[in-house]
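>>> Here is the input, now give the coordinates:
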Amino acid sequence: MTEFIDVALPVPLDEVFTYSMPDTIICDIGFRVEVLFRSRKMTGFIVKIHDSEPAVNFIIKPILRVIDTQPLCSPYLLKLGQWIARRYFCSLGEALSMMSPGGKQERTPGGLFAENEPAVQDDLALSDEQMAAVHGILHGKNSLYYVQGITGSGKTEVFLQCAKAVLEQGSSVLYLVPEIALTHQLIQDIGTRFGPIVGVIHSRLTPSQKLEQWRRIQSGEYRFVIGARSAVFAPIEKYGLIILDEEHENSYKSGMSPRYHARQIAMKIAGDHGAKLVMGSATPSVEAYHLMSNNNMMAFKLTRRLSGGHLPAIQVVDLKGKTSCVSPELIAAIHTTKEEGHQTILFLNRRGFSYFFHCKSCGFELVCKRCSVPLTFHKNKNRLVCHYCGYSTAPLDVCPECGSLDVGYSGFGTQKIEEDIRATFPQYSIERLDTDSVQKKGALEHIISRFKRGEVDILLGTQMVAKGLNFPNVKLVGIVQADTSLKLPDFRSAERTFSLITQVAGRAGRYFGDGKVIVQTFMPENDAIRLAANYETDEFYCREIEMRRLLSFPPFFRIIRIVFRGKQIEKVREAGNLYARALGSDTPPGVEILGPSECPIAVIAGNHRFHILVRSENFSLMHRFIQHYRTQMPQSRGVYIEFDPDPQALI
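Take a look at the predicted model:
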């Protein structure tokens, strides 16, 4: 008897596709198979095996081959994939494809730490605050916990001692971090302490390496899993504890469909398995802070630095009227820090050399021809580059609008800061840490290791240096321009600015009492900057939460963002208008439709962009409403529609 299989394919169609399975092939639900779909070879997941031939008027194609020798997805992961497909408005095939490691041939990743290295690091002595947190988490009846601690207060040790207790009980632990840069340091520390049960999943592994890690986790060989966002889908069977470090970070939210948030997935998994979810940060998201304030999540506060250091003094320097991107105050502080035998970190949240080409005669501004954003000048490549679509072009000497020679570049990126710092401190050892400087394999780990060993005097970089990393000899941190994110048209801009200053400042003076932070800004009176500089954390959150309440934004209202994009602006605009009219004709009470309007970044990679914001206090009602129209609305040819529940940015 011929058997048939239903295959979920990574295509934006809410259905599965039936293929025949030859008698000679052995496979099961959860296996990956290669099939022909509209003349293209595609990889999908078997979600059902049956002997009922579909009543169709075309020939059922046979599968081409089976990829796996054992199921890649467990019944639970298939069920989770179905939940993700519903929650984030995508197909089951898209969800499963995003969740899986992708490799087709297993290969050992070469070792995460020495294979035979014993676990030699003992538990560190805990403070009273830490002991209270560990005891409260391990013996509490809740499922959600939060460790809010100032930078350097020992949150990681709380996490690891909870993990040790859970592992001793025979359960497994998942430890999520927001950045790949943090996994290297964490792997070394945890690998030393817990030995060969530690596995890792992140995007810098090759697909084959990810698959090897996946299989070892699946077999139970790895019971302590570390990773960035995608590690939340690791095939752990016996969950005991999920740790979500630096909970506030945007990078836990996927930037492409399905636009899942690892925090929401972790909450779902913890609830399904009866496991505990412990989150932590020095700067919780506004949503998390609100939950803690209302006693809807058990919180533990760590208020003291354990290594002898104190929170550094923060000096705000007004950049108005200054001619250089590095102020005299910052230059003097770097000199003093070096003379005292300590190190400096400089932070700027912008890559490249400069990011704004303009004509001083007619005011012409050069933007990407495929995106509505300025091009960034990369001096080492001698190219103007778009950081959204990758388009690049040669620098201009003449204004293309009026022919004037009076043209120039404004603003500055990490390359410009690096050039200025090297000119000012020619005898100092300097390294730059950003996406451009770590493209070569191993470059990231090499730079961090050199800095940690004291071989580098000044480390300058972007987000990679802003959080989580622990460098004992850093005394000075300079934030070159603190107000960059404040200029974004987004309701989270103040929250991000406050968090950034607090997190970057936390790299200074962790092991001694006189660390210093210099915050350079054109907006010294802004609340986010002023309150961060004065460590007025509760005051900032109270003000921000009240502002969100008045404006009907999260955490009081939930938002689903619908983005329309395509090459022809009129088609995109009309698709948005059609959707808005349909939604508006049947909007349930308590749901509000805003738009359509052009996205703040109106064009990316040649695609024009419009969006609709749907918001409500009742997420379930709003979600069902959107899901109904998503399945009923006709598709506009040439227009792609993306749904983003709980967007982290509106640009």
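>>> a helix runs through residue 609, doesn't it?
No. Judged by DSSP: H, G, I helix; E, B strand; the rest coil, residue 609 forms no part of a helix; its state is strand.
>>> my read: it touches residue 561, true?
No. The criterion here is C-beta atoms under 8 Å, and residue 609 misses it with residue 561 at 11.2 Å. C-beta: built from backbone N, CA, C; applies to glycine.
>>> Low-confidence ranges, the stretch 1-150 of the chain, go.
Within the stretch 1-150 of the chain, the stretches falling below the threshold (pLDDT under 70) are 1-2, 105-122.
>>> Helix, strand, or coil at residue 549?
Of the three states, residue 549 takes helix under three-state DSSP.
>>> again, but for residue 513
Three-state assignment for residue 513 (three-state DSSP): coil.
>>> Pairing-wise in the sheet, spell out the partners of residue 343.
Following DSSP bridges, residue 343 is listed with bridge partners residue 474.
>>> What's the local residue count around it?
Summarising burial for residue 343: neighbours were counted as other C-beta atoms under 10 Å, giving 25.
>>> residue contacts, it?
Residue 343 sits next to 337, 451, 454, 456, 457, 458, 459, 471, 473, 474, 475, 476 when contact means C-beta atoms under 8 Å, 6 or more residues apart in numbering.
>>> repeat that with 10 Å
Applying C-beta atoms under 10 Å, 6 or more residues apart in numbering to residue 343 gives the contacts 334, 337, 429, 451-452, 454-459, 471-477, 507-508.
>>> tell me which element residue 135 is part of?
Using DSSP states H and E, residue 135 maps to helix 128-139.
>>> any idea how far residue 255 is from residue 293?
For residue 293, the distance to residue 255 equals 30 Å [C-beta to C-beta, to the nearest Å].
>>> For residue 457, give me its contacts.
With C-beta under 10 Å, 6+ apart, residue 457 has these contacts: 334, 337-338, 342-344, 421, 425, 427-431, 451.
>>> Show me those that map onto strands.
Mapping the contacts of residue 457 onto strands (DSSP state E) picks out 343, 344, 430, 431.
>>> Send me stretch 517-525 as CSV with only the CA atoms.
The C-alpha coordinates for stretch 517-525 follow below in CSV (Å, rounded to 0.1, in the frame of the first residue of the first chain):
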residue,chain,number,x,y,z
VAL,A,517,32.2,57.7,32.8
ILE,A,518,32.1,60.6,30.4
VAL,A,519,28.8,61.1,28.5
GLN,A,520,29.1,63.4,25.5
THR,A,521,25.8,64.7,24.2
PHE,A,522,24.1,67.6,22.4
MET,A,523,21.0,67.2,24.7
PRO,A,524,22.3,67.2,28.3
GLU,A,525,18.9,68.3,29.8
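>>> Is it correct that residue 86 is in contact with residue 95?
Yes. Applying C-beta atoms under 10 Å as the test, residue 86 and residue 95 come out as touching, 9.2 Å apart.
>>> Comparing these two, which shows the higher neighbour count?
The neighbour comparison of residue 86 against residue 95 (other C-beta under 10 Å) goes to residue 95, with 28 against 14.
>>> does the residue most central in space within the chain count as helix, strand or coil?
In the chain, the C-alpha nearest the mean C-alpha coordinate belongs to residue 251, at 0.9 Å (C-alpha atoms, centre = their mean). Three-state call for residue 251 (three-state DSSP): helix.
>>> ok, it - contacts?
By C-beta under 10 Å, 6+ apart, the contact set of residue 251 is 177, 178, 179, 180, 228, 229, 262, 463, 648.
>>> and with 6 Å instead?
Applying C-beta atoms under 6 Å, 6 or more residues apart in numbering to residue 251 gives the contacts residue 178.
>>> Give me the distance between it and residue 263.
Look at residue 251 and residue 263: by C-beta to C-beta, they are 11 Å apart.
>>> again with residue 368
Taking C-beta to C-beta, one finds residue 368 at 32 Å from residue 263.
>>> again with residue 201
According to C-beta to C-beta, residue 201 and residue 263 sit 17 Å apart.
>>> Work out the gap between whichever strand or helix holds residue 623 and the centre of the chain.
Here residue 623 sits within helix 619-632, counting by DSSP H and E. Centroid separation between helix 619-632 and its chain, computed with C-alpha atoms, centre = their mean, to the nearest Å, is 26 Å.
>>> List the buried residues of that helix.
Of the residues in helix 619-632, 622, 623, 625, 626 count as buried by neighbour count, 16 or more other C-beta atoms under 10 Å.
>>> Please name the residues that touch the first one.
Just to be clear, that refers to residue 622. For residue 622, the contacting residues are 591, 614, 616, by C-beta under 6 Å, 6+ apart.
>>> Which pLDDT value goes with the closest residue in space to residue 401 that isn't next to it in sequence?
With sequence-adjacent residues excluded and distances taken as C-beta to C-beta, 6 or more residues apart in numbering, residue 401 is closest to residue 364, at 4.0 Å. For residue 364, the model assigns a pLDDT of 80.
>>> Test my guess that residue 364 contacts residue 399.
Yes. Using C-beta atoms under 6 Å, residue 364 is in contact with residue 399, at 5.4 Å.
>>> Compare those two and say which one has the larger neighbour count.
Shown here are residue 364 and residue 399; by other C-beta under 10 Å, residue 399 has more neighbours (20 against 17).
>>> what kind of secondary structure is that one in?
coil.
>>> Spit out the contact partners of the closest residue to it other than its chain neighbours.
Closest residue to residue 399 apart from its sequence neighbours, by C-beta to C-beta, 6+ apart: residue 359 at 3.8 Å. Going by C-beta under 6 Å, 6+ apart, residue 359 touches 399, 404, 407.
>>> repeat that with 8 Å
Here residue 359 is in contact with 365, 399, 401, 402, 404, 406, 407 (C-beta under 8 Å, 6+ apart).
>>> In the sheet, which residues pair with it? Tell me.
With DSSP bridges as the criterion, residue 359 is bridged to residue 407.
>>> Domain boundaries for the protein, per the record?
Following automatic domain parsing, one gets these domains for the chain: 3-99, 128-302, 313-352+412-549, 558-645.
>>> I'd like those domains as a markdown table, with distance to residue 379 appended.
Converted to a markdown table, the domains of the chain look like this (distance: least, C-beta to C-beta, whole Å):
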| stretch | distance to residue 379 |
| --- | --- |
| domain 3-99 | 37 |
| domain 128-302 | 24 |
| domain 313-352+412-549 | 6 |
| domain 558-645 | 24 |
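>>> Show me the least confident stretch of these, going by mean pLDDT.
domain 313-352+412-549 has the lowest average pLDDT among the domains of the chain, namely a mean of 86.
>>> Contact partners for residue 631?
residue 14 are the contacts of residue 631 under C-beta under 8 Å, 6+ apart.
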